[in-house]
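Chemist: next come a sequence and a model predicted from it.
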Amino acid sequence: MNISEKFESGLSYEAFLTKYGTDEQRSRWAKFHAAVKLKPAQIDLLKSFTREMKVIVLAGAWCGDCVNQCPIFDYFAQATPTIQLRFFDRDDNPDLAERLSICGGARVPAVLFVSEDNFVCGQYGDRTLAKYRSVMAQMAGASCPTGIVLPEQSEIEAVIQCWLDEFERIQWMLRTSGRLRKLHND
């Protein structure tokens, strides 16, 4: 798979939802999107990013885990021009689903972080540690959210921070890369 070509064929957040989401699914995503609140320190951190990072998100508009995580990425990308975000439907992109397989399956959301010059820097998903802790605490019921009911605000905040930690890790990887430091003369 040519990562550069794949990235370029991806969709923006809105275009992904328009193409793949039903009215009901888009409503769920919008409801969660409205619940996401970045803290000033989180916004400042994102604004401090200087290296471009390409972020490939494998998702499903139907997926409750995607409903409760992917809108966070939209906020991150809005906070800084260095995050280039592209969405892909899992079922329409079997090559990407295979590349981003997690625990032997095509689980979503799955995120691939790529440098500006198309080198893979990391992969993360399907749920954050905060989300898995919540699932384990609630194992008496269904372990796959529907996206119909919003998580508690504290859980949303914890998931935002988990994802931000991963975006930050990749940013610092890019900032300290000898190859990129030479390219940018810094």
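Modeler: Good, I have the coordinates. Numbering: from 1, shown residues only.
Chemist: okay, buried residues for the lowest-mean-pLDDT helix or strand in the chain please.
Modeler: Taking mean pLDDT, DSSP states H and E as the measure, the helix or strand of the chain with the lowest value is helix 129-137, at a mean of 82. For helix 129-137, a neighbour-count test (16 or more other CB atoms under 10 Å) marks 130-131, 134-135 as buried. C-beta coordinates here come from the backbone N, C-alpha and C atoms, glycine included.
Chemist: burial of Leu11, as a residue count?
Modeler: 17 (other CB atoms under 10 Å).
Chemist: nearest residue to it in space, please, no chain neighbours.
Modeler: Once flanking residues are discounted, Leu11 sits nearest to Phe87: 4.9 Å by CB to CB, 6 or more residues apart in numbering.
Chemist: in three-state terms, label that neighbour for me.
Modeler: Under DSSP: H, G, I helix; E, B strand; the rest coil, the three-state class of Phe87 is strand.
Chemist: SS state for Arg107?
Modeler: Classification of Arg107 using three-state DSSP returns coil.
Chemist: distance of it from Gln123?
Modeler: 12 Å (CB to CB, to the nearest Å).
Chemist: pick out whichever of these two has more residues nearby.
Modeler: More crowded of Arg107 and Gln123, by other CB under 10 Å: Arg107, with 19 against 15.
Chemist: give me phi/psi at that one?
Modeler: Phi and psi for Arg107, reported as degrees, to the nearest 10, are phi -90, psi 150.
Chemist: do Val55 as well
Modeler: Backbone torsions for Val55, taken as degrees, to the nearest 10, come to phi -120, psi 110.
Chemist: and the longest helix for the chain?
Modeler: What stands out as the longest helix in the chain, according to DSSP state H, is helix 153-176.
Chemist: next one: that helix to chain centre, how far?
Modeler: 10 Å (CA atoms, centre = their mean, to the nearest Å).
Chemist: next helix or strand past it?
Modeler: Scanning forward in sequence from helix 153-176 by DSSP states H and E, the next helix or strand is helix 178-184.
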